[in-house]
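Student: Sequence plus predicted model, see below.
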Amino acid sequence: MVHSQLKVGDHIADFEIIGSEELTELQAIGIWARHIQTGAEVFHIYNDDDENLFAFAFPTIPADSSGVAHILEHSVLCGSQKYPLKDTFIVLAKGSLQTFLNAMTFPDKTVYPAASTNRQDYFNLMSVYGDAVFHPMLDEWIFQQEGHRLELQQDESSGSWRLERTGVVYNEMKGNYSSVDPIAADWSFRSVLPDTPYAYDSGGDPREIPKLRWEDLKAFHREHYNPANCKIVLCGNIPTEEQLTFLNEHILAGLEPGRPVDPVPLAKPWTQSRELSIPYPATDTSQKSTVLLSWALLDSTDADESLALAALSEILLGHDGSPLHKALVESGLGEDVAPATGMEGEIRHLVCTVGLRGMDGTNKKALEDLVMSTLKDLADKGIPKEEIEGALFGMRFANQEIRRAGGPFSLIWMRRVLRSWIHGKAPWNTLLFEKSY
């Protein structure tokens, strides 16, 4: 178990320590600091892990479906003021000792995480990423390459020429919109949050992406990628003092604070259910539908309610024998349980979705009746005690198990921290499990 002498009110390298929390279940200390000059905030999960991770995170709340946040995520890693490389990400992936390197666009935030077990390499990665997010080149050719552009393409059979829209993000999202499962997953939460920014596709709708201009991209960067909006997550055994000193001297010093963006509003509750039909590309008329029932639940920053609802979702849907999962499969209404089924906890509102894919769309009322009658039966008769105990045991075991899955385990902690920190709560608010358990 590590120890730190830092306490609330201490000043380190133009940072003030504004919070400290014993994270006993993580065998760590949580140290929360704010940069005095710019307002940027840092949260360090200080433990004895020599695989150190950092992540720069910004709230990137969409105002449309042009995909500006997604295109910006790609563009900032195409060269910066101190590192004018054509493809910074590829250079780092091939030429550093990184153990993880990525960038991620969520529906309401963009995150730039990287990790390394080598101290010098770690700080080099932090310097490159820090310069990329605050001082990207964002040249017009970068926007055209990563966003969208028109190109002359020759038809192989006829030899005729035509203009075609292309671009890295544009092509990626065309692929996303060509399959029913990602479309259903997006609309599982967008459909129940129509009066919030979550009604838009932060990744970009191929029909809307061409409306985005280069000037719009640069303006979005100025508004969102400033220190006042920046949350920096640190995990690992490099002392907090050393990390804060580096961040101040090499990344934050001299930056203008900017202004914080407005928080994501909570959705207005509905007085009755609504129905929405979304088309998807099909190769022939025999392809069937995915039918989903979604509920907008509570504020995801409420840690106790979030854990309770996650437990309920696990009890109802967590395995093949779970009562609601079993009822869906045995109904014969569809081919299998829709991948979007479950709890969405990465956005401001918790959203629960239940559904089947491979259904005859005219049977949607039968699915609704099945789900509601199953839930009513469970409410009337109670959920078997062994189902509750099994689900809770599984959740607790999963929380205690530390393993790599596509990257360092600290990525899970990073995501838990940002779930509520990005919305104005303390960084440990949704990090800890045992406190709410």
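Tutor: Arrived safely.

Student: looking at the sheet around residue 359, what are its partners?
Tutor: Counting by DSSP bridges, residue 359 is bridged to residue 289.

Student: Send me stretch 92-104 as PDB with only the CA atoms.
Tutor: Taking only C-alpha atoms (Å, rounded to 0.1, in the frame of the first residue of the first chain), the coordinates of stretch 92-104 have been written out as PDB:
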ATOM      1  CA  LEU A  92       4.000   6.500 -31.200                       C
ATOM      2  CA  ALA A  93       2.600   3.000 -31.700                       C
ATOM      3  CA  LYS A  94       5.700   1.900 -33.600                       C
ATOM      4  CA  GLY A  95       8.400   3.900 -31.800                       C
ATOM      5  CA  SER A  96       7.600   4.000 -28.100                       C
ATOM      6  CA  LEU A  97       7.400   1.500 -25.200                       C
ATOM      7  CA  GLN A  98       3.700   2.100 -24.800                       C
ATOM      8  CA  THR A  99       1.500  -0.700 -23.400                       C
ATOM      9  CA  PHE A 100      -1.700   1.100 -24.400                       C
ATOM     10  CA  LEU A 101      -2.400   4.000 -26.800                       C
ATOM     11  CA  ASN A 102      -5.800   5.100 -28.000                       C
ATOM     12  CA  ALA A 103      -8.400   7.900 -28.300                       C
ATOM     13  CA  MET A 104     -12.100   7.400 -27.700                       C
END
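
Student: going forward, begin numbering at 449 instead of 1
Tutor: With 449 as the first residue, the last one maps to stretch 540-552.

Student: Just the buried residues of it, please?
Tutor: Neighbour-count burial for stretch 540-552, counted by 16 or more other CB atoms under 10 Å, picks out 540, 544, 546, 547, 548, 549, 550, 551, 552. Using the backbone N, CA and C atoms, a C-beta is placed for each residue, glycine as well.

Student: can you check stretch 760-778 too?
Tutor: So, applying 16+ other CB under 10 Å, buried residues of stretch 760-778: 760-766, 770-773, 775-776.

Student: Also stretch 705-717?
Tutor: By 16+ other CB under 10 Å, the buried positions in stretch 705-717 come out as 705, 706, 712, 715.

Student: Quick check: the third one touching residue 871?
Tutor: This points to residue 712. Yes: assessed by CB atoms under 8 Å, residue 712 is found in contact with residue 871 at 6.5 Å.

Student: what sits in contact with each of those two?
Tutor: Common neighbours of residue 712 and residue 871, using CB atoms under 8 Å, 6 or more residues apart in numbering, are residue 796.

Student: what about residue 728, how many neighbours?
Tutor: Residue 728: 16 surrounding residues under other CB atoms under 10 Å.

Student: Secondary structure element for it, which one?
Tutor: Using DSSP states H and E, residue 728 falls within no helix or strand.

Student: wouldn't it be in contact with residue 633 here?
Tutor: No: if you go by CB under 8 Å, residue 728 and residue 633 don't touch, sitting 11.7 Å apart.

Student: got the buried residues for the worst-scoring helix or strand of the chain on mean pLDDT?
Tutor: Ranking every helix and strand in the chain by mean pLDDT, DSSP states H and E puts helix 833-848 at the bottom, with a mean of 84. Across helix 833-848, burial judged by 16+ other CB under 10 Å covers 835, 838, 839, 843.

Student: just the helices in the stretch 599-748 of the chain please.
Tutor: For the stretch 599-748 of the chain, the helices defined by DSSP state H, counting those that start in this stretch cover 616-624, 628-638, 662-672, 688-695.

Student: what comes up buried for the shortest one?
Tutor: If you call a residue buried by 16+ other CB under 10 Å, then helix 688-695 has these buried ones: 688, 689, 691, 692, 694, 695.

Student: The second one too?
Tutor: Within helix 628-638, the residues that count as buried by 16+ other CB under 10 Å are 628, 630, 631, 632, 633, 634, 635, 636, 637, 638.

Student: tell me the two of the residues you listed that are most distant?
Tutor: For these, the maximum inter-member distance is 16.3 Å, found between 628 and 637 (CB to CB).

Student: Leaving out chain neighbours, which residue sits closest to residue 597?
Tutor: Once flanking residues are discounted, residue 597 sits nearest to residue 615: 5.7 Å by CB to CB, 6 or more residues apart in numbering.

Student: Looking at this structure, which helix is longest?
Tutor: Secondary structure assigned by DSSP state H gives helix 812-829 as the longest helix of the chain.

Student: Off-centre distance for that helix?
Tutor: 31 Å (CA atoms, centre = their mean, to the nearest Å).

Student: do stretch 830-845 as well
Tutor: Put simply, stretch 830-845 sits 28 Å off its chain's centre (CA atoms, centre = their mean).

Student: Same question for stretch 798-808.
Tutor: The answer for stretch 798-808 is 21 Å, by CA atoms, centre = their mean.

Student: With stretch 493-512 instead?
Tutor: On CA atoms, centre = their mean, the centre of stretch 493-512 falls 11 Å from that of its chain.

Student: Name the residues of it that are buried.
Tutor: Neighbour-count burial for stretch 493-512 flags 493-495, 497, 499-510, 512 (criterion: 16+ other CB under 10 Å).

Student: do you know how far residue 466 is from residue 682?
Tutor: Distance of residue 466 to residue 682, given as CB to CB, to the nearest Å: 15 Å.

Student: burial count for residue 850?
Tutor: Close neighbours of residue 850, defined as other CB under 10 Å, add up to 12.

Student: Touching, it and residue 859? I think so.
Tutor: No: counting by CB under 8 Å, residue 850 does not reach residue 859; the two are 11.7 Å apart.

Student: residue contacts, the residue nearest to residue 603 when sequence neighbours are not counted?
Tutor: Distance criterion CB to CB, 6+ apart; nearest residue to residue 603, sequence neighbours excluded, is residue 610 at 6.9 Å. If a contact means CB under 8 Å, 6+ apart, then residue 610 has 600, 601, 603 as its contacts.

Student: Filter those residues down to just the buried residues.
Tutor: By neighbour count, with 16+ other CB under 10 Å, the contacts of residue 610 hold no buried member.

Student: Got the phi and psi for the nearest residue to residue 786 once chain neighbours are set aside?
Tutor: Spatially, and ignoring its direct neighbours in sequence, residue 786 is nearest to residue 803 (4.0 Å; CB to CB, 6+ apart). Main-chain torsions, residue 803, degrees, to the nearest 10: phi -180, psi 180.

Student: Break down the stretch 549-698 of the chain into its strands, ranges please.
Tutor: Using DSSP state E, counting those that start in this stretch, the strands of the stretch 549-698 of the chain run over 552-553, 557-564, 597-602, 609-614, 679-684.
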